[in-house]
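Undergrad: Got a sequence here, can you model it:
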Amino acid sequence: MNFRTLWTFALYELSHFMDFIDDILKCSSVSVVGLEKNTGKTETLNYIVKRLKDSSKQIAITSIGIDGESIDSVYQTKKPEIDIFEDMIFVTSERFFKQRKFPAEIIAVSDRHTALGRLVTAQAKATGKVLLSGPADTIWLQDLIQSLRTHNVDLTLVDGALSRLSLASPTVADGMILATGAALSSNISQLVKQTKFAYKLINLEQADAVVAEKLLPLQKGIWEMDSEGVVHNLNIPSVFTLYNDSGQLFKYGTMVFVAGAISDALLKNLRNQKQIKEITLIIKDFTKAFITEEIYNSFIKKGGRIKVLKKSKLVTITINPTAPKGRNLDSEELQNALQKALELPVFDVRRL
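TA: Residues are numbered from 1 along each chain as shown. Here you go, the predicted model:
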């Protein structure tokens, strides 16, 4: 038995008698995001909430968009509702707050409105279930998480909507939990491949502190840093205005910072440059990378590098082996395959 096999076996055994709750408690905010709809985000959130209900920490729960529906709006299948336990704080819309069937004390009501009314921050006075509908965008969510700290909240849990990986940005939450499963692919090999690529992006190398300090304040456009560390504005609004013309790039150096999103088109452009082995592309964090594995691998193989200013903290990966409509995968087989590929524990919360 070689070292890799022993390591994978150890991870598998480890995942059977311990989970990731201690790592969550080290964060002040954690988002649960999925690689696809119905990959088990809500199951994961409910598991975490139940494990934390007797914690000495003050827990708050919210979502981005609407979550907690008992019936999936796309597949018309039954979905788990969000559990709230006594003394936990939750944030939802006025409409859903009025529909709850347990007593709660209102702490605050937002000035801003969503499609379902203002947001109500309340503390549960008994156990119950609730529909969550939180801030409509990540900036509002950041503000909400910050405001919850003034109400002595130690840990805020955020349930993501659909596959919005923007919630996994380190500017939104301290930590992230990635949910994957049969809804992403009914083929285990393909599922592992797609999840492994997401994991690879999450673990992109972080730029050094000096570079990050200079680039983090830049909110828009494309910039270059020269060999002296001076940052130059290329006056290019976004990568989508570059098209196939790279003449606007490399005026000052080969370290390129994109404040917004990057795409396959940009990587294709850069990989064809004669100085590709000297090019370092920097983005704010992995959620800005809207790229495919094929193009990413081609860019890296040619000698290009991608770095992030802030690295997301991955707390754990959870799996849902059940597809909403289609083949149900073997949980243990999927767990083993992912643990072998990623070399870290993976959890099916239904089996913990």
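
Undergrad: Tell me where the model's unsure across the stretch 151-300 of the chain.
TA: 161-164, 243-247 (pLDDT under 70).

Undergrad: repeat that for 80
TA: Applying pLDDT under 80 to the stretch 151-300 of the chain flags residues 161-168, 240-248.

Undergrad: any idea where the strands of it begin and end?
TA: 155-159, 175-181, 222-225, 231-233, 255-258, 262-263, 280-283, 289-290 (DSSP state E, counting those that start in this stretch).

Undergrad: got those as TSV, with distance to residue 42 and mean neighbour count columns?
TA: (C-beta placed from N, C-alpha, C; glycine too.) As requested, those are exported to TSV (distance: least, Cβ to Cβ, whole Å; neighbours: other Cβ atoms under 10 Å):
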stretch	distance to residue 42	mean neighbour count
strand 155-159	6	26
strand 175-181	9	26
strand 222-225	38	21
strand 231-233	43	14
strand 255-258	33	23
strand 262-263	31	20
strand 280-283	30	21
strand 289-290	25	17
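
Undergrad: which stretch among the ones you listed comes nearest residue 330?
TA: Taking Cβ to Cβ, strand 175-181 is the member of the strands of the stretch 151-300 of the chain nearest to residue 330, at 12.1 Å.

Undergrad: so what strands line up beside the closest one?
TA: With DSSP bridges as the criterion, the sheet partners recorded for strand 175-181 are strand 29-34 (parallel), strand 313-320 (parallel).

Undergrad: Determine how far the longest one lies from the middle of the whole chain.
TA: Taking the mean C-alpha point of strand 313-320 and that of its whole chain, the gap between them comes to 10 Å (Cα atoms, centre = their mean, to the nearest Å).

Undergrad: do the same with stretch 107-127
TA: From the chain centre to the centre of stretch 107-127 is a distance of 24 Å (Cα atoms, centre = their mean).

Undergrad: Now do the buried residues in it.
TA: Along stretch 107-127, these residues count as buried under the neighbour rule (16 or more other Cβ atoms under 10 Å): 108, 110, 114, 116, 117, 119, 120, 121, 122, 123, 124.

Undergrad: how far does that stretch stretch from start to finish?
TA: 17 Å (Cα to Cα, to the nearest Å).

Undergrad: cool, stretch 240-259 as well?
TA: OK, stretch 240-259 end separation, Cα to Cα: 12 Å.

Undergrad: buried ones in that stretch?
TA: Buried residues in stretch 240-259, defined by neighbour count with 16+ other Cβ under 10 Å: 242, 249, 250, 252, 253, 254, 255, 256, 257, 258, 259.

Undergrad: what would those look like in TSV with distance to residue 297?
TA: Formatted as TSV, the entries for those read as follows, by distance: Cβ to Cβ, whole Å:
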residue	distance to residue 297
242	21
249	22
250	23
252	28
253	25
254	20
255	22
256	19
257	22
258	19
259	25
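
Undergrad: Pick out whichever of the residues you listed sits closest to residue 148.
TA: Distance ranking of the buried residues of stretch 240-259 against residue 148, using Cβ to Cβ, places residue 259 first at 27.9 Å.

Undergrad: quick one, helices of the stretch 101-250 of the chain?
TA: For the stretch 101-250 of the chain, applying DSSP state H, counting those that start in this stretch gives helices covering 138-149, 188-202, 209-215.

Undergrad: I'd like the mean pLDDT over the first one, please.
TA: Computed over helix 138-149, the mean pLDDT rounds to 93.

Undergrad: Does anything pack onto it? Which helices or strands?
TA: When contacts are defined as 3 or more Cβ pairs under 8 Å, 6 or more residues apart in numbering; DSSP states H and E, helix 138-149 sits against strand 59-63, strand 89-93, strand 155-159.

Undergrad: Distance to residue 43 added to the ones you listed, as JSON lines?
TA: Listed next are these as JSON lines, based on distance: least, Cβ to Cβ, whole Å:
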{"stretch": "strand 59-63", "distance to residue 43": "14"}
{"stretch": "strand 89-93", "distance to residue 43": "18"}
{"stretch": "strand 155-159", "distance to residue 43": "11"}
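
Undergrad: thinking again about what came up before, of all the strands paired with strand 175-181, which lies closest to residue 139?
TA: Residue 139 sits nearest to strand 29-34 of all the strands paired with strand 175-181, at 14.4 Å, using Cβ to Cβ.

Undergrad: Following the closest one in sequence, what is the next regular element?
TA: Note on strand 29-34: by DSSP states H and E, the next helix or strand toward the C-terminus is helix 41-52.

Undergrad: What are the buried residues along that following helix?
TA: Buried residues in helix 41-52 (16+ other Cβ under 10 Å): 41, 42, 43, 44, 45, 46, 47, 48, 49, 51, 52.

Undergrad: closest to residue 27 out of the strands of the stretch 151-300 of the chain?
TA: strand 175-181 (4.0 Å).
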